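> pasting a predicted model and its sequence here:
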Amino acid sequence: MQQKKPNLIFLTGFSTAGKSTIGPILANSLGFDFVDIDKAITEKEQKSVVEIFSEKGEAYFRQLEYELLQKYAQTENLVVALGGGTLENDRSFEVVKASGTLIYLKSDVETLARRLSNKDDRPLMKAENGERLSKEALRQRIEQMLMNREERYQSHALICIATDQNPIGRTVETLTRQIERYLKAQSSQIDQTGGGIPCANQ
């Protein structure tokens, strides 16, 4: 059985919510190491996420995520940026729940749609023929995927924080303060002062 490590931090949230941007800054603020699971996979496979999905399928990609999570579960003082769909895999979800502290970076649908409209490296955001979705179709796709994912994003997250309402620096300051308070207290809840809000209170 895996031992839960409060100082193993997992960042979850939809694509472009800020995991890969906030993650390394947060890790530096905490004095932790940082890893982006998507980047780790693409470096290992020497292929882009789109190429892996196209050539080997989503199930293969999710298996790679799971294997890396098992490795990270043995580590401490680490911030891990998960993929937007990582927690949809039951086994990966169980590893995250059992081994570390989950933080949900939230962003509203309109902001996500605007950011994703300029991205070509998100395979689940494309039409079946591989073409870019229309603006309205993209917004509907995001809404549907959030409905499917958000319960897991929130259900075991210690902190939920909106990333589209404050500058990155302020968001990192808030998260650092909340995480350090949590690590010091070693408790399952944290004080809400500063904007980091336990998901159960949302």
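Good, I have the coordinates.

> can you give me the helices in this structure?
19-30, 37-45, 49-56, 58-72, 90-99, 109-116, 135-155, 168-185 (DSSP state H).

> Lys5 is nearest to which of the ones you listed?
helix 90-99 (6.3 Å; Cβ to Cβ). For the C-beta atoms, the positions are set from N, CA and C on the backbone; glycine is no exception.

> show residues contacting the closest one.
1-5, 8, 10, 12, 62, 65-66, 69-70, 72-73, 82, 86-87, 102, 152, 156 (Cβ atoms under 8 Å, 6 or more residues apart in numbering).

> same thing with stretch 54-64?
Under Cβ under 8 Å, 6+ apart, the answer for stretch 54-64 is 41, 44-45, 47, 49, 52-53, 85-86, 88-89, 92, 123.

> scan those residues and report the most crowded one.
Thr86 (25 neighbours; other Cβ atoms under 10 Å).

> gap between that residue and Ala162?
20 Å (Cβ to Cβ, to the nearest Å).

> and Glu76, by the same measure?
Counting by Cβ to Cβ - Glu76 and Ala162 are separated by 28 Å.

> the two: who's more crowded?
Per other Cβ under 10 Å, whichever of Glu76 and Ala162 has more neighbours is Ala162, with 17 against 12.

> so for the more buried one, what's the pLDDT?
What the model reports for Ala162 is a pLDDT of 92.

> what is the burial count for Ala157?
Around Ala157 there are 25 residues (other Cβ under 10 Å).

> format the helices of the chain as TSV; extra columns: mean pLDDT.
Listed next are the helices of the chain as TSV, based on pLDDT from 0 to 100:
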stretch	mean pLDDT
helix 19-30	97
helix 37-45	96
helix 49-56	90
helix 58-72	96
helix 90-99	96
helix 109-116	85
helix 135-155	86
helix 168-185	92
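
> highest mean neighbour count out of those?
helix 19-30 (a mean of 20; mean count of other Cβ atoms under 10 Å).

> now do it and helix 37-45, the angle between them.
100 degrees (axes from the mean of the first three to the mean of the last three Cα atoms, to 10 degrees).

> next one: helix 19-30 to chain centre, how far?
A distance of 12 Å separates the C-alpha centroid of helix 19-30 from that of its chain, computed with Cα atoms, centre = their mean, to the nearest Å.
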